[in-house]
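Chemist: Fold the following for me, if possible:
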Amino acid sequence: MKHIKLGDNSPEVKDLQEKLSLLGYNLNPDSDFGNNTLTALNQFQTLNQLPISDFVDDVLYNKIIADIDLNSTIDKSSLSKIMELHPKIRFEVLHLTKKCYAQNLKIRIVQGLRTFAEQDGLYAQGRTKPGPIVTNARGGFSCHCYGLAIDFCLLKNGGSISWDTTADFNNDHKSDWIQIVDIFKENGYESGMSWKFKDNPHLEKTFNCSIKQLLNLYNMMHVDKEGYVII
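Modeler: Below is the predicted model of the structure:
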């Protein structure tokens, strides 16, 4: 019978931490069941509508394993982009993406974390470079630069993609795109569909930080060891 609890220090705790890391939780597998591990565990329980506890038994451990198995349902390109997002949304975006898949709403994450230079390159498109204008944000002025935003499209059977916001590929008489947006909005994400400069694929979560505040935090080097701004 597995029973891993707050305060434990053991190989079982390290195994638990490694498992939670596969679900996008930002953990150092140090074998110590401290507050960081407890926070990740409670976030998992909250997202999966499970009772909050400070221990892991066989039932909860098996639920974690089952959730990890669902990672394989997501295309590898999306999964890799999710795992590069800011630690505060990484686990949640992975969970919500799998929630979409469970409803046969196949989503592909096409953009996640973006460097300032990459953002400047996109800003130049349609201005000093060929192509249509796709963004009004220079480097540092997009939530992508902080790993707090994703762009998505629909993934069709066979692997092709679609940007059709009216498509109903799962045949439930509703727009797949709008259903995906609603799933994320229910969890605190803002959609670019509502912006004056519409950005239909865009979803972001900033924890009430303005883009100028995020840039200031970055410029002040208020970042973690991986370079993500601390918010």
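Chemist: C-alpha from now on. contacts and neighbour counts both.
Modeler: Fine.
Chemist: Give the next helix or strand downstream of the longest strand along the chain.
Modeler: Looking across the chain with DSSP state E, the single longest strand is strand 149-155. With elements assigned by DSSP states H and E, the helix or strand that comes after strand 149-155 is strand 161-162.
Chemist: As a check, name the ranges of all strands in this structure.
Modeler: Assigned by DSSP E, the chain shows strands spanning 3-5, 55-57, 107-111, 149-155, 161-162, 190-191, 202-204.
Chemist: can these go into a markdown table with extra columns for distance to residue 27, mean pLDDT and mean neighbour count?
Modeler: Listed next are the strands of the chain as a markdown table, based on distance: least, CA to CA, whole Å; pLDDT from 0 to 100; neighbours: other CA atoms under 10 Å:
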| stretch | distance to residue 27 | mean pLDDT | mean neighbour count |
| --- | --- | --- | --- |
| strand 3-5 | 16 | 94 | 16 |
| strand 55-57 | 16 | 97 | 16 |
| strand 107-111 | 23 | 97 | 21 |
| strand 149-155 | 21 | 98 | 22 |
| strand 161-162 | 33 | 97 | 15 |
| strand 190-191 | 27 | 98 | 20 |
| strand 202-204 | 23 | 98 | 22 |
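Chemist: tell me the domain ranges of this protein?
Modeler: Domain segmentation of the chain under automatic domain parsing yields 1-73, 76-231.
Chemist: Could you measure from the closest residue to residue 141 other than its chain neighbours over to residue 66?
Modeler: Spatial nearest neighbour of residue 141, excluding adjacent residues (CA to CA, 6 or more residues apart in numbering): residue 211 at 5.9 Å. Separation of residue 211 from residue 66 (CA to CA, to the nearest Å) stands at 37 Å.
Chemist: For the spatially most central residue of the chain, which non-adjacent residue is spatially closest?
Modeler: Residue closest to the average C-alpha location in the chain (CA atoms, centre = their mean): residue 93, at 2.8 Å. Distances taken as CA to CA, 6+ apart put residue 82 closest to residue 93, at 6.8 Å, once the chain neighbours are dropped.
Chemist: And that neighbour, how far from residue 173?
Modeler: Using CA to CA, residue 82 is found at 29 Å from residue 173.
Chemist: With neighbour numbers in mind, choose between residue 211 and residue 66.
Modeler: Counted by other CA atoms under 10 Å, residue 211 and residue 66 do not tie: residue 211 has more neighbours, with 16 against 11.
Chemist: Now do the contacts for the more buried one.
Modeler: Shown in contact with residue 211 (CA atoms under 8 Å, 6 or more residues apart in numbering): 140-143.
Chemist: which of the residues you listed lies closest to residue 133?
Modeler: Each of these was scored against residue 133 by CA to CA, and residue 142 proved nearest at 14.9 Å.
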